[in-house]
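Peer 1: Sequence and predicted structure are below.
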Amino acid sequence: MLASKVSCASKARVVSSVRRSSRRPSVSKSSSKGGVRGSSNVVIAAQVTLDATTGLQVPHGGTLVDLMETDAAKHADLKASCNRTIECSDRNACDVELLVVGGFSPLTGFLNEDDYNSTVENMRLTSGDLFGLPIVMDTDSEDIKAGDKVLLTYQGEDLAVMEVESKYVPDKAKEALNCYGTSSIEHPGVLMISTERGKYYMGGKVTGLALPKRVFPCATPAEVRATLPPNADVVAFQCRNPIHRAHYELFTRALDAENVKDECVCLVHPTCGPTQ
C-alpha cells in the first residue's frame, strides 16, 4: 500500500481510481555530461499494516473512528445536556466534521493540553501516534470551563456536542514556529493562529449530530475505503488545485513504477474548504 503525506487540515475526501492496464518500459536517462546513468522507476512506499479481514491498510492509530450518534432519538437529550453554545467558524466546522467521520483518527475529540503540547513539540500524540498539527477548539469566552457541555453549531445547524475536559492558554508563538517553521504572519497558518483563533484552547470528547452541508461532495473515510480493492497497491495523490496534465502524468506513471503491483489503483485526494 502506498500513501502520500496527508496533513491534518480540513479536507473533503474524494476518490478517483485509475487502474493500470499495462506497464511502460523503464527509461535510462543521459546525464548532462553525456554519460549514461541507469534509472529505476520506483515510488516511495509507506510501511503499512494490512487488515487480514479487509485486505486494506489498518487505519492510523488502529481504528477508524466514527463519532456520529446515529440514533436520532438521543439527539434531543444530548442537546438538552448542554449548558453552553459555540458557533463554529468555517475552520472549526471542518475540524468537527473530520473528527466525527474519522478523518482525524485516532482522535475522539479536540486535543487536551498534554496531547497539544506533545503534538507541537514532537509531532506525536502522547500515545506515540504520529500527528502533524494540533486539532483544537478555540474560544475567547471566560465563562466556559472544564465539565461544561457545549453545543457546537454552524450556520443554523447543530453539528455536535463537546464535553469540555480541559481549557488552557496555548503558546501560540511556539505552535507557529514548530508547526509551520516560521513566526511570520505572512504564512497563512501563522496568520490563522494569531488572528483567527481565540485566547483559549479546549479539549474534550465530541459526539456528532450532523455534518455541515457542503456545495462539494465529501466522501467519508469509510466510503473511500469501500471503493479500494483488497490487497492492492494504492498510489495516493493529494492536490489543492484542479488536476492538470503534469499531475496526471505524475500519478499515472507512478502506477507503472517497478515496485507497484499489478491491479493497483490511484487515489486522488483533493483538499477543499477554507484551508485549501
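Peer 2: Arrived safely.

Peer 1: Let me know the helix or strand that V206 is in.
Peer 2: strand 200-208 (DSSP states H and E).

Peer 1: Residues in contact with that strand: which ones?
Peer 2: Strand 200-208 has contacts (CB atoms under 8 Å, 6 or more residues apart in numbering) with 67-69, 78, 96, 99-101, 108-113, 115-116, 134, 136-141, 144, 150, 152, 159-170. To be clear about C-beta, it is placed using only N, CA and C from the backbone, and glycine gets the same treatment.

Peer 1: Give me the subset of the residues you listed lying in helices.
Peer 2: 78, 96, 99-101, 113, 115-116 (DSSP state H).

Peer 1: downstream neighbour of the strand holding V206 in the secondary structure list?
Peer 2: Going down the chain from strand 200-208, the next helix or strand is helix 221-226, by DSSP H and E.

Peer 1: Following that following helix in sequence, what is the next regular element?
Peer 2: strand 234-239.

Peer 1: Just give the strands next to that next one in its sheet, each with its orientation.
Peer 2: Looking at strand 234-239 with DSSP bridges, its partner strands are strand 265-270 (parallel).

Peer 1: Put together a markdown table for the ones in helices among the contacts of strand 200-208, with neighbour count on each row.
Peer 2: Shown next, in a markdown table, are the ones in helices among the contacts of strand 200-208 (neighbours: other CB atoms under 10 Å):
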| residue | neighbour count |
| --- | --- |
| L78 | 18 |
| V96 | 28 |
| L99 | 24 |
| V100 | 25 |
| V101 | 23 |
| E113 | 17 |
| D115 | 23 |
| Y116 | 23 |
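
Peer 1: can you tell me which of the residues you listed lies nearest to L267?
Peer 2: Each of the ones in helices among the contacts of strand 200-208 was checked against L267 using CB to CB; the closest is V101, at 16.7 Å.

Peer 1: possible to save the ones in helices among the contacts of strand 200-208 as TSV with pLDDT and distance to R245?
Peer 2: Shown next, in TSV, are these (pLDDT from 0 to 100; distance: CB to CB, whole Å):
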residue	pLDDT	distance to R245
L78	97	49
V96	98	37
L99	98	36
V100	98	36
V101	97	32
E113	98	47
D115	98	42
Y116	98	42
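
Peer 1: quick one: which of those is nearest V260?
Peer 2: The shortest approach to V260 among those belongs to V101, at 28.6 Å (CB to CB).

Peer 1: got a list of what that closest one touches?
Peer 2: By CB under 8 Å, 6+ apart, V101 lies in contact with 66-68, 208, 211, 220-222.

Peer 1: Likewise for A176?
Peer 2: Applying CB under 8 Å, 6+ apart to A176 gives the contacts 182-183, 187, 189-190, 193-194.

Peer 1: contacting residues for E69?
Peer 2: Neighbours of E69 in contact, by CB under 8 Å, 6+ apart: 75, 78, 207-209.

Peer 1: so which of these comes closest to N231?
Peer 2: After measuring the contacts of E69 against N231 - CB to CB - the closest member comes out as G208, at 31.5 Å.

Peer 1: Quickly list what that closest one is bridged to.
Peer 2: In this entry, G208 is beta-bridged to M68, A160, by DSSP bridges.

Peer 1: For it, the count of nearby residues, please.
Peer 2: The number of residues packed near G208 is 20, by other CB atoms under 10 Å.

Peer 1: and what of S127?
Peer 2: For S127, the neighbour count with other CB under 10 Å is 11.

Peer 1: ok, so what distance separates R197 from S127?
Peer 2: Distance, R197 to S127, by CB to CB, to the nearest Å: 24 Å.
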